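> predicted coordinates and the sequence they were generated for:
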Amino acid sequence: MCMGFGCNAAGVVGCRIIDSPRERLLAILTNSFVPCNGRFPALIAVLTMFFIGFSGSIGASFFAAILLCALIVLGVLFTFAATKLLSKTLLRGMPSSFVLEMPPYRMPQVGKVLVRSIFDRTLFVLGRAVAVAAPAGLVIWILANVSVSDVSLLAACADFLDPFARLLGMDGIILMAFILGFPANEIVIPLMIMGYLSNGTLTELNSLAETRALFVANGWTWMTAVSVLIFFLLHWPCSTTLLTVKKETGSLKWTAVAALLPTAVGVMLCMLFTALMRAFGG
């Protein structure tokens, strides 16, 4: 789980040290509930734009840290809850003890460590990222630049998704950005900006203040921001993580569970939050 804070794909690979096949699978399936390094910038950006402000004071920085820690703790709690649920349903069985044998001490071989790290981990993950990123980039370009009746395919898809997205407290552009951000969570906010500005390429504005102004002009409120934070924390893992899950489990079924489980939790939580806020006049 802790490795997942850096990269969920690396966290999945790290589950190899667990001897019990059942408990290894539990760890793999619930690893993506903790936010990876790709989600942190977006979480921090939304928190800053809608809940902290741009003063840069010590108090604001402290409040930002508290809110971010609260989101991380929420992800950890959902990891434990999902593990408990799976252990009582799909993956029932007796828990086993975990014994980690301390290896014999040897002098470190720096060259060997670097080579093995590059080939066994870095290139392994990057290769899978590129395998999905290239075709995904083509899809994004086509959706943003091909129009039918003067309406881009991206806008048409966003309009189609809009009714369902409203149930989640978001809009069609936001949900479409999450879908197209499947290769990497880092591009979700640039995709939102591209959708709102109707640009043909991924766009980043000069400051968070400009980004906030654009979002507010397109109907964002603090409720929208909370729904986006929830969905950033709880939605399908990125493509690299799912490819790694498929490699580690050898099963399309468990790969689908790894994608659907956090997504279902995120959808239900967003719907519940939105329904409660609307019921109380929010």
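It's in. Since the model is a prediction, treat every value here as computed from it, not as a measurement.
> how far away is the nearest residue to Gly169 once chain neighbours are set aside from Leu25?
Closest residue to Gly169 apart from its sequence neighbours, by Cβ to Cβ, 6 or more residues apart in numbering: Ser227 at 3.3 Å. From N, CA and C alone the C-beta is placed, and that goes for glycine too. Applying Cβ to Cβ, to the nearest Å, the value for Ser227 to Leu25 is 31 Å.
> quick one, what contacts the residue nearest to Gly169?
Counting by Cβ atoms under 8 Å, 6 or more residues apart in numbering, Ser227 touches 168-170, 270, 273-274.
> now for these, which pair is the farthest apart?
Met170 and Phe273 (11.2 Å; Cβ to Cβ).
> neighbour count: these two, which is higher?
Met170 (28 against 17; other Cβ atoms under 10 Å).
> and the closest residue to that one other than its chain neighbours, what helix or strand is that in?
Nearest residue to Met170, sequence neighbours excluded (Cβ to Cβ, 6+ apart): Ser227, at 5.3 Å. Assigned by DSSP states H and E, Ser227 belongs to helix 222-233.
> which neighbouring elements make contact with the helix or strand following that helix?
Per DSSP H and E, helix 222-233 leads on to helix 239-249 as the next helix or strand towards the C-terminus. Judged by 3 or more Cβ pairs under 8 Å, 6 or more residues apart in numbering; DSSP states H and E, the packing partners of helix 239-249 are helix 8-14, helix 21-30, helix 123-145, helix 252-279.
> for the longest one, list every residue counted as buried.
Taking 16 or more other Cβ atoms under 10 Å as the basis for neighbour counts, the residues of helix 252-279 that come out buried are 254-255, 257-259, 261-263, 265-267, 269-270, 273-274, 277.
> try stretch 216-227
Here stretch 216-227 shows 218, 220, 223-227 as buried, counting by 16+ other Cβ under 10 Å.
> quick one: average pLDDT of it?
Stretch 216-227 shows an average pLDDT of 94 in the prediction.
> now that stretch: how far from the chain's centre is it?
19 Å (Cα atoms, centre = their mean, to the nearest Å).
> convert the C-alpha atoms of that stretch to PDB, please.
Provided in PDB are the C-alpha atoms of stretch 216-227 (Å, rounded to 0.1, in the frame of the first residue of the first chain):
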ATOM      1  CA  VAL A 216     -16.300  28.900 -12.000                       C
ATOM      2  CA  ALA A 217     -17.400  30.400 -15.300                       C
ATOM      3  CA  ASN A 218     -18.400  26.900 -16.400                       C
ATOM      4  CA  GLY A 219     -20.500  26.300 -13.400                       C
ATOM      5  CA  TRP A 220     -18.100  24.900 -10.800                       C
ATOM      6  CA  THR A 221     -19.000  25.400  -7.100                       C
ATOM      7  CA  TRP A 222     -17.500  24.100  -3.900                       C
ATOM      8  CA  MET A 223     -19.900  21.100  -4.300                       C
ATOM      9  CA  THR A 224     -18.400  20.400  -7.800                       C
ATOM     10  CA  ALA A 225     -14.900  20.600  -6.300                       C
ATOM     11  CA  VAL A 226     -15.700  18.100  -3.500                       C
ATOM     12  CA  SER A 227     -17.200  15.600  -6.100                       C
END
